[in-house]
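Novice: Got a sequence here, can you model it:
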Amino acid sequence: MTRPVLAGLVGRGAVWLKKIESGERELHSITMLVKLASALHLDDVSALTGGTSVPVTSGKLSHESVPLIREAMHTVAFLPRPPG
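Specialist: Predicted coordinates:
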């Protein structure tokens, strides 16, 4: 797969991807790692990072903790502190 094709599949440009590949730019987005892994037909982002395993399912982040995190985020009210 060419760089322009892969970059296009994840909604980015070839120059962006080249910078990621060369280390000129860091990639901190798990979502983008999942998109890249999915476009490359990989089962896990660790094939790209050599690090922590994050399975790829239908191009979406899939981790056992995600449902609990979502539940916690939906049950908490984030309100600004009152002045004073």
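Novice: for this protein, which spans come out with low pLDDT?
Specialist: For the chain, residues meeting the criterion pLDDT under 70 lie at 58-66, 76-80.
Novice: For it, which segments are assigned as strands?
Specialist: Along the chain, the stretches classed as strands by DSSP state E are 56-57, 60-61.
Novice: centroid residue for the protein?
Specialist: By Cα atoms, centre = their mean, the mean C-alpha position of the chain lies nearest to residue 31, the distance being 1.8 Å.
Novice: roughly how far apart are that residue and residue 3?
Specialist: Spatial separation of residue 31 from residue 3 under the definition Cβ to Cβ, to the nearest Å is 20 Å. From N, CA and C alone the C-beta is placed, and that goes for glycine too.
Novice: same thing with residue 69?
Specialist: With the distance defined as Cβ to Cβ, residue 69 ends up 34 Å from residue 3.
Novice: what do you get for residue 53?
Specialist: As defined by Cβ to Cβ, residue 53 lies at a distance of 26 Å from residue 3.
Novice: ditto for residue 38
Specialist: Plainly put, residue 38 is 17 Å away from residue 3 if you go by Cβ to Cβ.
Novice: Looking at the two, which is more packed in?
Specialist: Taking residue 38 and residue 3 together and counting by other Cβ atoms under 10 Å, residue 38 has the greater number of neighbours (18 against 14).
Novice: So that one sits against residue 55, correct?
Specialist: No. Contact criterion Cβ atoms under 8 Å: residue 38 and residue 55 do not qualify, at 10.8 Å.
Novice: Dump the C-alpha coordinates for stretch 25-44 into CSV.
Specialist: Coordinates of each C-alpha in stretch 25-44 appear next as CSV, following Å, rounded to 0.1, in the frame of the first residue of the first chain:
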residue,chain,number,x,y,z
ARG,A,25,6.0,14.0,14.4
GLU,A,26,4.7,11.9,17.3
LEU,A,27,1.4,10.1,17.2
HIS,A,28,-0.4,10.2,20.6
SER,A,29,-3.9,9.4,19.4
ILE,A,30,-5.1,5.9,20.2
THR,A,31,-8.0,6.5,17.9
MET,A,32,-5.6,7.3,15.0
LEU,A,33,-3.5,4.3,15.8
VAL,A,34,-6.7,2.1,15.6
LYS,A,35,-7.6,3.7,12.3
LEU,A,36,-4.1,3.0,10.9
ALA,A,37,-4.1,-0.6,12.2
SER,A,38,-7.6,-1.1,10.7
ALA,A,39,-6.6,0.3,7.3
LEU,A,40,-3.5,-2.1,7.4
HIS,A,41,-5.8,-5.0,8.3
LEU,A,42,-4.0,-5.6,11.6
ASP,A,43,-5.7,-7.2,14.6
ASP,A,44,-3.9,-5.1,17.2
